[in-house]
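[1] I would like to see how this sequence folds:
(one chain, ligands or ions: 2)
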Amino acid sequence: MLKPKRIAILGSTGSIGTQVLDIISRYPGRFRPEVLTCKSSADLLIEQARRYKPARVVIANKSLYARVKDGLKDLPVEVMAGNEELEYAATLDEIDMVVAAMVGYAGMKPVLAAVKAGKNIALANKETLVVAGELILKEASKTGSKIVPIDSEHSAIFQCLEGENKKSVEKIVLTASGGPFLGYSYEQLQNVTAAEALKHPNWDMGDKITIDSATLMNKGLEAIEAKWLFNLPPEKIEVVIHPQSVIHSLVYFYDGSVKAQMGVPDMRIPILYALSYPERLQSDLPRLDLYKYENLTFKEPDRKIFRNLPLAFEALKTGGNMPCILNAANEVAVHGFLEGKTGFLQMPDVVEHAMSKTPFVADITLEILEASDYESRERAKDYLNQKF
Ligand code: NAD
Ligand code: MG
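    Ligands and ions are numbered 1, 2, ... in the order given. The predicted structure follows:
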């Protein structure tokens, strides 16, 4: 009999994490949630552990250890706390696959540890490859760890490339919904609030990625993620605005053929693909009804208004620690915007400032990334404190 795939979900309480658990619960014989982790959502973690019966849970915030331990005292669940423990849980012998569903830079080190331990990765945390693509891939080539994307655009491209010779790829096109402020003028964007930015038209996601979608930084991060996943130079990566989010991305081949992958905007579909790859499992997830989409439209992104997109492409072309600098400053900017400490249009200024003030390093190591992340956050905070 087939043994279930034993899975560690890093970030099980988030938007992606809860959808991963939804998928896992539909195929009890195929997948087993072995480890669940989160940052601070103790009550949800307890509830998930009671329901899904993992062998272990890890809460990164150590001050919540006692609460989680107490909440699970009648169950045979090992409770751990802290960042190192979280990293360790991603490398355990009994884990077959790690789902990387944490948000931000914090998600990178556990993935690096898991890759070093030879685990296969279902990757949602795009910041991991943005910051440390080179290191992660180097380690993966040593250990044989396989990375399958969850991000819908990358899942689309991954699927379009199955069975293809990578040399025949002319370019890839990442589709972007354009977010809630598509078509807004500079003036209209001056006073938009975090609450307005959090209302994404097509996807229900965590706060950070929702803001990134509104500023188009999300697409910039995805371009950098694509460079590493598909080994493509910047000039072969394009972005198009496609507000219906039905075509998840496209690959152009050198014979003139174009492949696109489609589906309703529901992350559980690419999650299921990543978990079951190389197989496809039958599901009753929502089907695409073409008659509901009379018009599929495409347009160029407005790079003058949504300046995060060209900044991310600049970081992509520069390489070295620049994507790490971009990402760190963006995390500070998004946090500032969510707290009402900076305006929507100032977020790219914060990023640009940090990119110009943090020393550039071409050859990266983990230590250099740690230092660049710290330094960029400091420069971004200086800018925020000075200006607002
Ligand atoms: P979220 O904020 O809803 O959830 C984040 C999860 O990570 C939570 O479980 C949280 O407890 C945990 N976490 C956050 N910081 C942590 C830390 N410092 N230490 C330990 N755990 C921590 O985020 P999300 O929307 O689920 O996104 C997760 C990742 O997936 C992001 O990188 C995002 O860009 C990517 N992604 C998300 C979607 C989506 O639809 N939500 C789509 C594509 C890609
Ligand atoms: Mg995406």
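[2] tell me which residues touch the closest residue to ligand 1 within the stretch 151-300 of the chain, please.
    Taking Cβ to the nearest ligand atom, ligand 1 has its nearest neighbour within the stretch 151-300 of the chain at Gly206, 2.6 Å off. Every C-beta, even on glycine, is put in place using the N, C-alpha and C of the backbone. Gly206 makes contact with 14-16, 103, according to Cβ atoms under 8 Å, 6 or more residues apart in numbering.
[3] same thing but 7 Å
    Going by Cβ atoms under 7 Å, 6 or more residues apart in numbering, Gly206 touches 14-15, 103.
[4] top of these by number of neighbours, please.
    With neighbours taken as other Cβ atoms under 10 Å, the top of the contacts of Gly206 is Gly14, carrying 25 neighbours.
[5] distance of that one relative to Gly107?
    Using Cβ to Cβ, to the nearest Å, Gly14 is found at 10 Å from Gly107.
[6] pLDDT wise, what is Trp203 at?
    For Trp203, the pLDDT comes out at 80.
[7] now it: closest residue in space, sequence neighbours ignored.
    Pro265 (5.7 Å; Cβ to Cβ, 6 or more residues apart in numbering).
[8] what's the burial count for that neighbour?
    Pro265: 18 neighbours (other Cβ under 10 Å).
[9] how about it, secondary structure?
    The three-state label given to Pro265 by DSSP: H, G, I helix; E, B strand; the rest coil is coil.
[10] isn't it up against Asp204?
    No - judged on Cβ atoms under 7 Å, Pro265 makes no contact with Asp204 at a distance of 9.4 Å.
[11] in the stretch 151-300 of the chain, which spans are strands?
    Remark: strands assigned in the stretch 151-300 of the chain by DSSP state E, counting those that start in this stretch are 169-176, 237-241, 247-253, 258-262.
[12] how about the stretch 1-150 of the chain: which residue is closest to ligand 2?
    Nearest residue of the stretch 1-150 of the chain to ligand 2: Lys126, at 7.4 Å (Cβ to the ion).
[13] residues near that residue, how many?
    Lys126 has 27 neighbours, counted by other Cβ under 10 Å.
[14] for Leu285, same thing?
    Neighbours of Leu285 under the rule other Cβ under 10 Å: 14.
[15] spit out the contact partners of Val240.
    Contacts of Val240 by Cβ under 7 Å, 6+ apart are 173, 175, 298.
[16] ok, the second one to ligand 2 distance?
    Going back to what we said before, that points to Thr175. Applying Cβ to the ion, to the nearest Å, the value for Thr175 to ligand 2 is 9 Å.
[17] nearest spatial neighbour of the closest residue to ligand 1 within the stretch 1-150 of the chain, chain-adjacent residues omitted?
    Closest residue of the stretch 1-150 of the chain to ligand 1, Cβ to the nearest ligand atom: Gly14 (1.9 Å). What sits nearest to Gly14 in space, not counting adjacent residues and going by Cβ to Cβ, 6+ apart, is Gly206, at 5.4 Å.
[18] look at that neighbour and report its pLDDT.
    Note on Gly206: pLDDT of 95.
[19] what of Gly183?
    94.
[20] test my guess that Leu21 contacts Phe31.
    No - the pair Leu21 / Phe31 is not scored as a contact, 9.7 Å apart, by Cβ under 7 Å.
[21] where in this structure is pLDDT low?
    The chain contains residues with pLDDT under 70 at 1, 387-388.
[22] need the residues of it near ligand 1, please.
    Within the chain, the residues that sit near ligand 1 (Cβ under 6 Å from any ligand atom) are 11-17, 38-39, 41, 60, 86, 101-103, 106, 124-127, 151, 203, 205-206, 209, 267.
[23] one step back: so what's the residue nearest to Trp203 up against?
    Per Cβ under 7 Å, 6+ apart, neighbours of Pro265: 202-203, 245.
[24] neighbour count and distance to Glu294 added to the residues you listed, as a markdown table?
    Conversion of the contacts of Pro265 to a markdown table gives the following (neighbours: other Cβ atoms under 10 Å; distance: Cβ to Cβ, whole Å):
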| residue | neighbour count | distance to Glu294 |
| --- | --- | --- |
| Asn202 | 17 | 17 |
| Trp203 | 16 | 21 |
| Ser245 | 18 | 15 |
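[25] which non-adjacent residue is nearest the residue of the chain found nearest ligand 2?
    Nearest residue of the chain to ligand 2: Asp151, at 4.3 Å (Cβ to the ion). Spatial nearest neighbour of Asp151, excluding adjacent residues (Cβ to Cβ, 6+ apart): Lys126 at 5.7 Å.
[26] I'd say that neighbour and Ile224 touch.
    No - counting by Cβ under 7 Å, Lys126 sits too far from Ile224 to count as a contact (8.1 Å).
[27] the nearest residue in space to Leu174 that is not next to it in sequence: neighbour count?
    In space, Leu174 comes closest to Glu153 once its chain neighbours are excluded; the distance is 4.7 Å by Cβ to Cβ, 6+ apart. A count of neighbours around Glu153, defined by other Cβ under 10 Å, yields 27.
[28] buried ones in stretch 67-82?
    For stretch 67-82, burial by neighbour count (16 or more other Cβ atoms under 10 Å) applies to 67-69, 71-72, 77, 79-81.
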